[in-house]
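J.: What would the 3D arrangement of this be:
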Amino acid sequence: MMAPGLLSAGGDLPADLPANSVVAIHAEGKESAAGIGKLTASSEEIRKAGKGVAVEVMCYLGYVIQCTYSATWKLQMVVLF
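T.: The predicted structure is shown next:
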């Protein structure tokens, strides 16, 4: 996901998130997350740059989502639709 999308009028980038934070990706007006990603920089750095890749998408909503990541990220998610 690109920084301008998070910084636009409909976007939301919480303050004080460190680089490499695992985040839920929500589409405007939707309750459920559409994906899971990892910040490429801190939220302050993303706001300052205002451009470039802000979130490395790790998995997204589709027919089947299956994500398993290392214990470092402490994230395991399996969703079947």
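J.: The closest residue to residue 10 other than its chain neighbours and residue 45: what is the separation?
T.: Counting by C-beta to C-beta, 6 or more residues apart in numbering, residue 10 lies nearest to residue 28, which is 4.7 Å off, once chain neighbours are set aside. For the C-beta atoms, the positions are set from N, CA and C on the backbone; glycine is no exception. Distance from residue 28 to residue 45, counting by C-beta to C-beta, to the nearest Å: 23 Å.
J.: The two: who's more crowded?
T.: residue 45 (15 against 10; other C-beta atoms under 10 Å).
J.: List the contacts of that one.
T.: Residue 45 sits next to residue 19 when contact means C-beta atoms under 8 Å, 6 or more residues apart in numbering.
J.: Repeat the analysis, applying 7 Å as the threshold.
T.: Residues near residue 45 by C-beta atoms under 7 Å, 6 or more residues apart in numbering: none.
J.: Tell me the backbone dihedrals of it, please.
T.: phi -70, psi -40 (degrees, to the nearest 10).
J.: How about the one 3 residues further on?
T.: Dihedral angles phi and psi of residue 48 (degrees, to the nearest 10) take the values phi -60, psi -40.
J.: Strands of the chain, start to end?
T.: Listed in chain order, the strands found in the chain under DSSP state E are 22-26, 33-39, 55-60, 64-68, 76-80.
J.: Next, the angle from the third one to strand 22-26.
T.: Calculated by axes from the mean of the first three to the mean of the last three C-alpha atoms, to 10 degrees, strand 55-60 forms an angle of 70 degrees with strand 22-26.
J.: and the residue most central in space within the chain, what are its bridge partners?
T.: For the chain, the residue sitting closest to the mean C-alpha position, by C-alpha atoms, centre = their mean, is residue 37 at 3.6 Å. Beta bridges link residue 37 to residue 23, residue 57, judged by DSSP bridges.
J.: Please consider this matter closed, and thank you.
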